[in-house]
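Asks: Next one to model:
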Amino acid sequence: MNTSRNGSLLSNNNLQKQQTLQTKTLSLHHIIKEPENKQEKPKALFMFHGYGSNEDDLFSFAGELPGELFIISVRAPYDLMPFGYAWYAIHFDAEDGKWSDDEQAIESREKIAAFIDEACKAYDLDERNVTLLGFSQGTILSCAVALSYPEKVKNVIALSGYINQDVLKEGYQNNDLSKLHFYCSHGSVDQVIPVDWARKTAPLLKSLEVDHIYEEFPVGHGVAPQNFFSLKNWLVDRV
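Replies: A predicted model of the protein is given here:
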């Protein structure tokens, strides 16, 4: 379950076959996996991929996650040439080596926040039990949405990313964050997002009194099997 540099995961043809044929046309392109058992207002899990990847990326996890979840894997809105998508631009030739377009990131934050409401209504999901699972750039946006709009989110699984305070909604510190739960993990030899950036996550969440776990694994910019089993066990206890 390791990813490549841009966050792509190995595709899973069996999961693609399981994908429902009744995916709705909403504001963001997405694919879905319905719960194994039909239920009224299923719990929701939204997946947000990394820079240069697509909605098939994290969807390869879907078959291994709790069966009661309605899973929605979302495609980022910005096309990258010659392939892939992004939540916001990254300028790799910036003087500091890497510069993100925070204005564009804030726009994507708002698109995701609106999409969560839209999808919960369209698929009749339990808006009180929403989990966000992000990787890399998708993690940065998942954290931004959860801290900016905690009323929309219960759980956040933040893989190989960090909290960019510049893309959080102004005054987020005054939000009621008491019902949020974060699982955060990072590769100790990540060559894309320095682990030092990720290590600032736990102190920040602690200062906000947000329930959280932070773990590191001896991998690069990817998700090791032991990382996946850890996040899965954490999720099972909270959905």
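
Asks: Could you list the low-pLDDT ranges of the protein?
Replies: Scanning the chain with the threshold set as pLDDT under 70 gives 1-21, 93-98.

Asks: mind listing the helices for this protein?
Replies: 13-18, 102-122, 137-148, 195-198, 201-207, 225-236 (DSSP state H).

Asks: most packed of those?
Replies: helix 137-148 (a mean of 28; mean count of other Cβ atoms under 10 Å). For the C-beta atoms, the positions are set from N, CA and C on the backbone; glycine is no exception.

Asks: Output the contacting helices and strands for that helix.
Replies: Packing partners of helix 137-148 (3 or more Cβ pairs under 8 Å, 6 or more residues apart in numbering; DSSP states H and E): strand 43-48, helix 102-122, strand 130-135, strand 155-159.

Asks: could you check the angle strand 155-159 makes with that helix?
Replies: 150 degrees (axes from the mean of the first three to the mean of the last three Cα atoms, to 10 degrees).

Asks: Hmm, Ser230 is touching Leu159, no?
Replies: No: between Ser230 and Leu159 there is no contact, the gap being 10.7 Å when judged by Cβ atoms under 8 Å.

Asks: Quickly list what's touching both of the two.
Replies: Ser185 (Cβ atoms under 8 Å, 6 or more residues apart in numbering).

Asks: Chain neighbours aside, what residue packs nearest to Gly187?
Replies: Val219 (4.1 Å; Cβ to Cβ, 6 or more residues apart in numbering).

Asks: In this structure Gly220 contacts His186, no?
Replies: No: counting by Cβ under 8 Å, Gly220 stays clear of His186, with 10.2 Å between them.

Asks: Which of these two has more residues huddled nearby?
Replies: Legend: neighbour count by other Cβ atoms under 10 Å for Gly220 and His186, higher for His186 (27 against 17).

Asks: quick one, what contacts that one?
Replies: Leu159, Ser160, Gly161, Tyr162, Ile193, Val195, Ala198, Arg199, Tyr214, Glu215, Glu216, Phe217.

Asks: Ok, Glu118 next?
Replies: Leu26, Ser27.

Asks: try Phe135
Replies: Contacts for Phe135 (Cβ under 8 Å, 6+ apart) come out as Thr3, Gly7, Phe48, His49, Gly50, Ser53, Asp57, Leu58, Leu159, Ser160, Gly161, Val223.

Asks: try it again with 6 Å
Replies: Going by Cβ atoms under 6 Å, 6 or more residues apart in numbering, Phe135 touches Gly7, Gly50, Leu58, Leu159, Ser160.

Asks: Pull the most distant pair out of the residues you listed.
Replies: Leu58 and Ser160 (11.3 Å; Cβ to Cβ).

Asks: beta partners for the spatially most central residue of the chain?
Replies: Nearest residue to the geometric centre of the chain (Cα atoms, centre = their mean): Gly134, 1.8 Å. Bridge pairing for Gly134 (DSSP bridges) gives the partners Phe48, Ala158.

Asks: Any figure for the gap between it and Asn174?
Replies: 24 Å (Cβ to Cβ, to the nearest Å).

Asks: and what of Asp237?
Replies: Asp237 is 29 Å from Asn174, by Cβ to Cβ.

Asks: cool, Gly84 as well?
Replies: Going from Gly84 to Asn174 by Cβ to Cβ gives 37 Å.

Asks: and the two? which has more neighbours close in?
Replies: The residue with more neighbours, out of Gly84 and Asn174, is Gly84; 20 against 7, by other Cβ under 10 Å.

Asks: tally of neighbours for the closest residue to that one other than its chain neighbours?
Replies: Leaving aside its sequence neighbours, Gly84 sits nearest to Gly52 (Cβ to Cβ, 6+ apart; 3.9 Å). Residues within reach of Gly52, counting by other Cβ under 10 Å, total 20.
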